[in-house]
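> with the input below, show me the fold.
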Amino acid sequence: MKTVERLLTALLIASVIISAYLLALKISAEAKGKYVEISVPAGEVTMLAAVVHESPEEVLSELKASGVTTLAVEETTVKDLQASGRVLVLNGWQVLDHSRFLGVDSRFLKEYISRKDFNPKSFYLFTRDADIFKKLISFMKARRYEIKSYADESGLYVVQEVKGTGGFSAIGMGFDERFLDMADALGLNTAVMVKDLKQKTAVEMNSLNSQLAGRNISTLIPQGNEAPSGAESANILKNYAASNGIKLGFDEFLDSEQLKGIIEKLGYSAIRVYNRPPHKWMDEYLLAARDRNDRLLYLHLFLSGQEDMLAYDKEHIGQIRDMLVSHGFKLAVFPDKAAGFTPFAASKLLSLLSALGVLWALWKIIRIAGMKESAALKALLLFFIVLNAMAVANFALFRDAAGLLAAVSFPVLGIYAEMKREISSDDEGFLHAWRSAAYSFFRASAHTLMGAAVLWGIYGGIDALLGLEKFRGIKALYIFSFGIILILYLKDNFGGVPLKKPILSIGSLIALSAFGVVLFVLINRTGNFSAIPIPKWELYFRIWLENTLWVRPRTKEFLLGFPALMMAGGMGAMGYKRWAGWLYMAALLGEVSMMNTFSHFHIAALVSVIRSLEGMALGGVIGSAALGGFYLYEKRRKGYNA
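All right, here's what the predicted structure looks like:
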């Protein structure tokens with residue numbers, strides 16, 4: 001079986017080399033894409049201007065001096081026009097009782113009600129703007145609404161949505177020309193947010209194109225990361241963006257699956273957008289750009305709560321600007337713009353070759369677990385056949401399955417190999433215990449880092465960097481990793497999973513319950529959203545770590561997982577095998593968490609590396625101190641008992 005070992009080792013080496021190559025491409029792309037745009041919404045600039053009694057142009061000019069590079073202009077919808085009083089929407093019953101709803105008697109409406117074709121179930125849209133009237137007719141017809149239109153000699157226009165279907169309030173009516181002119185006059189980039197893009201027809205898309213023609217548009221942001229559902233509309237969007245050198249911007253926290261195809265056709269001319277309500281946690285803006293590779297910060301202005309709101313917003317924006325510049329980023333001041341990352345792609349062949357490295361880890365686990373060589377070889381062949389069948393039938397499914405296998409198998413192997421390793425406990429000195437702990441620490445972590453490299457090789461490419469391609473097994477990673485290590489522990493200590501007394505005893509039930517609670521907390525605390533609220537002291541501690549260290553390490557790594565790994569290796573060398581086994585299972589938390597770090601492909605590669613190294617260093621120091629304290633305690637206890 002040495003031939004099998006050599007072959008699997010060669011596959012692992014090839015997998016790691018491929019992954020290292022793709023990782024180098026990612027680091028290079030991230031190093032080149034350092035331009036960041038800071039934008040503010042035009043509507044909020046107008047509101048701030050009203051608060052401070054200045055013109056929107058004056059306010060925007062001052063915000064530009066503080067660091068704003070881009071004016072974000074949101075598309076005006078029928079609902080927005082209704083809120084501003086430029087369109088009135090009533091149903092037929094309200095029209096019948098218009099004197100109560102409008103506060104006046106209308107001769108025109110009275111005559112209108114008397115018409116034979118008046119329908120109380122219909123919706124009626126009233127406006128005095130001829131351009132809005134024409135767009136309503138054109139857009140609603142394109143969306144296959146049954147409509148009728150009327151015009152009064154006094155300049156009142158009416159569009160009747162006959163069937164009363166509704167749903168037209170989200171129709172986009174274009175952009176406010178004043179805002180577009182203001183951005184051009186002040187030399188700012190313009191980011192436009194298009195609304196209800198999923199339902200937009202070709203007629204609506206062409207109308208947008210004609211309005212934006214010749215404008216200095218840097219980024220087009222589909223609200224809600226929507227893409228046109230119609231092929232013609234999608235093609236118009238793609239051609240417009242490509243011919244005008246406009247990037248697509250997508251919200252980093254929303255699903256981007258709909259936009260993936262268009263972004264691919266645009267040659268990945270797209271950027272991630274940070275768009276959150278206004279807040280004063282300044283580090284979050286840095287994290288968005290430095291850690292999560294966001295290149296457009298869609299800032300929202302503070303509009304109340306301070307005596308001088310303009311000065312407050314200027315200071316806030318200036319702090320964000322200074323923080324970004326001090327960390328090596330460049331503000332994309334017109335004519336510069338934030339550019340998409342240089343595209344690089346991992347072929348399916350490279351992804352498949354990278355995935356073959358998983359076979360080495362699986363072989364090691366099942367052999368250490370005691371499976372016979374012939375049976376292990378058959379199991380490995382089965383895995384190989386299944387993976388290849390998945391790759392042929394459904395490559396996305398193959399990538400998800402192979403990624404999960406890599407993410408689970410390497411950390412489990414690293415910990416399980418240390419649990420099974422025989423260490424001499426003849427030498428009772430602390431140096432022997434610490435050296436054994438350090439070797440165990442680095443061996444287990446090296447396995448996890450190899451797995452992280454293989455995982456990136458499986459997914460590696462511009463899609464992963466942008467977050468369009470994601471590892472979707474984060475919670476499964478924790479469940480399977482801890483489930484497998486528990487089964488292996490029970491097999492080694494009880495000959496299998498006990499189904500009688502050992503598992504039904506009070507002590508076993510308590511232990512299993514505690515294990516389940518801890519796993520539940522871990523799973524819920526994993527990801528962007530948690531059902532379990534994070535206490536304030538932990539938030540403050542995170543902020544302190546962020547301000548103190550270059551990158552904030554994960555607390556579950558340097559406070560729990562890695563110290564437990566050091567303690568496990570040391571206590572095993574001191575002869576406390578049972579305690580070491582328990583600590584090794586706890587130590588899996590650090591390894592799995594480190595794998596979790598690298599599975600967030602949109603995070604800057606160097607940030608993930610530094611975060612993990614910081615966690616290992618701090619955890620190693622804390623674990624060494626804890627091991628030293630335990631050694632002194634045991635030495636004193638044994639001295640008293642002698």
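> from here on, contacts and neighbour counts on C-alpha atoms
OK.
> ok so T597 is a strand residue?
No - counting by DSSP: H, G, I helix; E, B strand; the rest coil, T597 falls outside a strand, being helix.
> who touches it in this structure?
S608, S612 (Cα atoms under 8 Å, 6 or more residues apart in numbering).
> per-residue pLDDT, the closest residue to I217 other than its chain neighbours?
Spatial nearest neighbour of I217, chain neighbours left out: T190 (4.8 Å); criterion: Cα to Cα, 6 or more residues apart in numbering. Looking at T190, its pLDDT reads 96.
> got any ranges where this structure has weak pLDDT?
Counting by pLDDT under 70, the chain shows low-confidence ranges at 1, 98, 101-104, 106, 424-427, 496-516, 518-533, 639-642.
> report the residue ranges of every domain in it.
2-21+345-641, 34-75+174-331, 79-161 (automatic domain parsing).
> after the helix or strand hosting A72, heading C-terminal, what element do we hit next?
Per DSSP states H and E: A72 is located in strand 70-74. Note on strand 70-74: by DSSP H and E, the next helix or strand toward the C-terminus is helix 78-83.
> so which bits of that following helix are buried?
Judged by neighbour count (16 or more other Cα atoms under 10 Å), helix 78-83 contains these buried residues: V78, K79, D80, L81, Q82.
> gap between the residue lying closest to the fourth one once chain neighbours are set aside and E546?
Which is L81. Spatial nearest neighbour of L81, chain neighbours left out: V87 (5.4 Å); criterion: Cα to Cα, 6+ apart. Distance, V87 to E546, by Cα to Cα, to the nearest Å: 49 Å.
> compare those two (neighbour count), which wins?
V87 (21 against 16; other Cα atoms under 10 Å).
> may I see the buried residues of the strand holding A72?
Buried residues in strand 70-74 (16+ other Cα under 10 Å): T70, L71, A72, V73, E74.
> need the contact partners of stretch 212-231.
180, 184, 189-201, 234, 241, 245-251, 254-256, 258-259, 337.
> quick one: the strands in the stretch 251-400 of the chain, in order.
270-275, 294-298, 330-331 (DSSP state E, counting those that start in this stretch).
> how about those strands, which one is nearest I317?
strand 294-298 (10.7 Å; Cα to Cα).
> angle of that closest one against strand 70-74?
70 degrees (axes from the mean of the first three to the mean of the last three Cα atoms, to 10 degrees).
> could you check the angle strand 270-275 makes with strand 294-298?
40 degrees.
> what is the neighbour count of the nearest residue to D152 once chain neighbours are set aside?
Leaving aside its sequence neighbours, D152 sits nearest to F108 (Cα to Cα, 6+ apart; 7.7 Å). Using other Cα under 10 Å, F108 has 12 other residues around it.
> do you know how far F108 is from I622?
Counting by Cα to Cα, the gap from F108 to I622 is 82 Å.
> next one: Y540
21 Å.
> distance of K491 relative to I113?
Counting by Cα to Cα, the gap from K491 to I113 is 83 Å.
> ok, Y489 next?
81 Å.
> elements contacting the longest helix along the chain?
Criterion DSSP state H: the longest helix present in the chain is helix 605-641. Other helices and strands packing on helix 605-641, by 3 or more Cα pairs under 8 Å, 6 or more residues apart in numbering; DSSP states H and E, are helix 2-32, helix 430-459, helix 562-573, helix 577-598.
> can you lay out those as JSON lines showing distance to I263?
Shown next, in JSON lines, are the helices and strands packed on helix 605-641 (distance: least, Cα to Cα, whole Å):
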{"stretch": "helix 2-32", "distance to I263": "17"}
{"stretch": "helix 430-459", "distance to I263": "18"}
{"stretch": "helix 562-573", "distance to I263": "40"}
{"stretch": "helix 577-598", "distance to I263": "24"}
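> of those, which stretch is the most buried?
Ranked by mean neighbour count, those are led by helix 562-573 with a mean of 30 (mean count of other Cα atoms under 10 Å).
> who's in contact with that one?
418, 423-425, 432-441, 577, 579-584, 586-588, 590-591, 615-616, 619-624, 626-627.
> please apply the same query to stretch 143-154.
Residues contacting stretch 143-154 (Cα under 8 Å, 6+ apart): F108, I137, M140, K141, Y157, V158, V159, Q160, E161, V162, K163, T201.
> so who does the last one touch?
For T201, the contact set (Cα under 8 Å, 6+ apart) comprises F139, A142, R143, P228, G230, E232, S233.
> how deep is the fourth one tucked in, by neighbour count?
This means P228. 23.
> can you classify it as helix, strand or coil?
coil.
> and the closest residue to it other than its chain neighbours, what is it in contact with?
Once flanking residues are discounted, P228 sits nearest to K198: 4.1 Å by Cα to Cα, 6+ apart. Counting by Cα under 8 Å, 6+ apart, K198 makes contact with E226, A227, P228, S229, G230.
> save the residues you listed as JSON lines, and put in distance to N388 too.
Shown next, in JSON lines, are the contacts of K198 (distance: Cα to Cα, whole Å):
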{"residue": "E226", "distance to N388": "34"}
{"residue": "A227", "distance to N388": "33"}
{"residue": "P228", "distance to N388": "35"}
{"residue": "S229", "distance to N388": "34"}
{"residue": "G230", "distance to N388": "35"}
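> ok, these vs I38, which is closest?
So of these, ranked by how close each gets to I38 (Cα to Cα), first place is E226, at 22.5 Å.
> phi, psi of that closest one?
Main-chain torsions, E226, degrees, to the nearest 10: phi -90, psi 150.
> from S169, how far out is the residue nearest to L81?
Taking Cα to Cα, one finds V87 at 10 Å from S169.
> and for the two, which residues touch both?
Common neighbours of V87 and S169 (Cα under 8 Å, 6+ apart) are V78.
> so between Y540 and I622, which is more surrounded?
I622 (20 against 11).
> state the distance from the more buried one to G628.
Relative to G628, and taking Cα to Cα, I622 is found at 10 Å.
> also L331?
50 Å.
> pull stretch 177-185 out as PDB, backbone CA atoms only.
This file holds the C-alpha atoms of stretch 177-185, laid out as PDB (Å, rounded to 0.1, in the frame of the first residue of the first chain):
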ATOM      1  CA  GLU A 177     -32.200  65.600 -13.700                       C
ATOM      2  CA  ARG A 178     -31.300  68.100 -11.000                       C
ATOM      3  CA  PHE A 179     -29.200  65.600  -9.100                       C
ATOM      4  CA  LEU A 180     -27.400  64.400 -12.300                       C
ATOM      5  CA  ASP A 181     -26.600  68.000 -13.200                       C
ATOM      6  CA  MET A 182     -25.400  68.700  -9.700                       C
ATOM      7  CA  ALA A 183     -23.000  65.800  -9.700                       C
ATOM      8  CA  ASP A 184     -21.600  66.900 -13.100                       C
ATOM      9  CA  ALA A 185     -21.300  70.500 -12.000                       C
END
